[in-house]
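Participant: This is a predicted model, with the sequence first.
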Amino acid sequence: QWQLVESGGGLVQPGGSLRLSCAASGFTLDYYAIGWFRQVPGKEREGVSCISKTASTKDYADSVKGRFTISRDNAKNTVYLQLNALTPEDTAVYYCAATAYCSGYVTSAFNYWGQGTQVTVSS
């Protein structure tokens, strides 16, 4: 069964950091670009970052540029999202998803989704 599993979320104070992981099981991440999205209740899912298959392309939403860093370790079949300088506005459920290429954040272009991990930024 093809599956993506996110982990690493939690409660953090403003200004703090977290590292999210997206691990694949049942398939090899090497063949996919991976995107990170986030969603808060009542709002649409927002694209945050995307990394190409070889990590040659890394894209970030303006709202996270300079604070979040995406990376991948294909040997571990895992993609990471480092979240720094967090603010309450970053509070959301974070999802990873697989796609062929990093070309925007249209959710229908992403084939496989994880179940999400909650990030809460609060003092």
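Facilitator: That came through, no problem.

Participant: so residue 98 makes contact with residue 29?
Facilitator: Yes. Using CB atoms under 8 Å, residue 98 is in contact with residue 29, at 7.3 Å. (C-beta placed from N, C-alpha, C; glycine too.)

Participant: measure stretch 86-93 end to end?
Facilitator: End-to-end distance of stretch 86-93 (CA to CA, to the nearest Å): 14 Å.

Participant: ok, and what's touching it?
Facilitator: By CB atoms under 8 Å, 6 or more residues apart in numbering, the residues outside stretch 86-93 that reach it are 9, 12, 14-18, 38-40, 46, 63-64, 67, 83, 116-122.

Participant: Among those, name the ones in strands.
Facilitator: If you go by DSSP state E, the contacts of stretch 86-93 have 12, 18, 38, 39, 46, 83, 117, 118, 119, 120, 121 in strands.

Participant: Which one of those residues is nearest to residue 103?
Facilitator: residue 46 (16.4 Å; CB to CB).

Participant: Quick one: residues contacting that closest one.
Facilitator: 37, 38, 39, 61, 63, 92, 105.

Participant: Is there a quick ChimeraX command that grabs whichever of those residues are buried?
Facilitator: This is how ChimeraX selects the buried members of the contacts of residue 46, with burial counted by 16 or more other CB atoms under 10 Å:
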select :37,38,61,92,105
